[in-house]
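Student: Got a predicted structure here, sequence first:
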Amino acid sequence: MSLKEVESEVMEIVDLITPESIVAKLPATSKKQALQELAKRAADVSELSERVIFEALIERERLGTTGVGNGIAIPHGKLPGLDRLHGLFARLEKPIEFEAIDEQPVDLIFLLLAPECAGADHLKALARVSRLLRDRRTCEKLRGSEDPDALYALLIETTTEAAA
């Protein structure tokens, strides 16, 4: 693949998530519990071990928080055994302390798992998720819905509108 092809290839949210990877009301009272719950659900969609996923997420958090501010966290990790990028979106039942950079609690989490050899694709996906969740209107809509199908549609619709 040429550099031009790589640059023109846009990572979309629809490439990362499925309706099954949306959690409308994630029960968690701590960062660790949230990461454990996400690892459990990610194991189902990625066919990797829950423990391997959880350990990768904890290892990444040791490098620095993935709580990016405004109630949003984007935990992520690279894992052996994945054949493609996997995303999982969760809306927490109640905001939790996540050691976010703005010291505010987190209630929206977008988990991103990448193959060990993902390289630039991992970074493109992180940038795409970050751009999506920087939009205050999008986050307000996500916070206003408890329906998994509606959350999925919001996440997908936002990216297809931006591409149009």
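Tutor: Great, that's in hand. Residues are numbered from 1 along each chain as shown.
Student: List the contacts of stretch 25-41.
Tutor: With Cβ atoms under 8 Å, 6 or more residues apart in numbering as the test, stretch 25-41 has contacts from 21, 23, 50-51, 53-54, 57-58, 61, 75, 88, 90-94, 96-99, 106, 109, 111, 146. To be clear about C-beta, it is placed using only N, CA and C from the backbone, and glycine gets the same treatment.
Student: can you pull the buried residues of it?
Tutor: Buried residues in stretch 25-41, counted by 16 or more other Cβ atoms under 10 Å: 26, 28, 31, 34, 35, 36, 37, 38, 39, 41.
Student: next one: stretch 145-154
Tutor: 148, 150, 151, 152, 154.
Student: Go through those and flag which are in strands.
Tutor: Per DSSP state E, strands hold no members of the buried residues of stretch 145-154.
Student: Any stretches of this protein with poor pLDDT?
Tutor: Scanning the chain for pLDDT under 70 picks out 1-10, 158-164.
Student: So which residue is dead centre in it?
Tutor: For the chain, the residue nearest the mean C-alpha position is residue 110 (2.1 Å; Cα atoms, centre = their mean).
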